[in-house]
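Structure for this input, please:
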Amino acid sequence: MNFILRWLSCAIAVGIAVWLVPGIYIVGGTSAWLPITLCALFMALINVSIKPILQILSLPISVLTLGIFAIIINALMLELAGWLSVSVFGEGIQLASFGAAFLGSIIVSIVSAIVNSIFGVQ
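Numbers count the residues shown, from 1 in each chain. Predicted structure coming up:
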């Protein structure tokens, strides 16, 4: 149940990022909810599996940059989730530049933290 709530909060956050950031585009599908949901599924899976390993490996750089490098890792995970969703299902999100991924990752982090606190997910 916890994973489903995280997936839902991630889908809401990705939807808001697609709506706000001009460099994030929806690829495939006739409606917007399926590509966003598929990308959020990959983001939730990446956040559970790959992201903790990358955070541990990049801990010295994150300490030196006072945590700003964590935003870069989030941007890379957003790009990876978008690429995986498009390449596996043919639907998802596409990022025009790293700047769009950077801004999108900030929005996704803030919105998912708010939605997770509303749902009570830790």
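
CA only for contacts and neighbour counts going forward, please
Noted.

Okay, now the unreliable bits of this protein?
Counting by pLDDT under 70, not a single residue of the chain qualifies.

now the strands: where do they sit in it?
For the chain, the strands defined by DSSP state E cover 24-27, 92-95.

how many other residues sit next to Pro22?
When counting by other CA atoms under 10 Å, one arrives at 13 neighbours for Pro22.

Enumerate every residue touching it.
The contact partners of Pro22, by CA atoms under 8 Å, 6 or more residues apart in numbering, come to Ala100.

check contacts around the closest residue to Phe69 other than its chain neighbours.
Excluding its sequence neighbours, the residue lying closest to Phe69 (CA to CA, 6 or more residues apart in numbering) is Ser62, at 5.1 Å. Neighbouring residues of Ser62 by CA under 8 Å, 6+ apart: Ile68, Phe69, Ala70.

any idea how far Ser62 lies from Ala81?
Ser62 is 22 Å from Ala81, where distance means CA to CA, to the nearest Å.

same thing with Pro22?
Distance, Pro22 to Ala81, by CA to CA: 18 Å.

now do Gly90
Distance of Gly90 to Ala81, computed by CA to CA: 13 Å.

what about these two, which has more around it?
Neighbours were tallied for Gly90 and for Ala81 using other CA under 10 Å; the higher tally belongs to Ala81 (25 against 15).

So the more buried one sits against Ile36, correct?
No - in this structure Ala81 lies outside contact range of Ile36 using CA atoms under 8 Å: 10.5 Å.

Just say which of the strands of the chain is most tucked in.
When the strands of the chain are scored by mean count of other CA atoms under 10 Å, the highest mean neighbour count falls to strand 92-95 (a mean of 25).

which helices and strands sit right next to that strand?
Here strand 92-95 touches strand 24-27, helix 33-49, helix 68-89, going by 3 or more CA pairs under 8 Å, 6 or more residues apart in numbering; DSSP states H and E.

Apply 10 Å and report the result again.
The helices and strands touching strand 92-95, judged by 3 or more CA pairs under 10 Å, 6 or more residues apart in numbering; DSSP states H and E, are helix 2-20, strand 24-27, helix 33-49, helix 68-89, helix 98-119.
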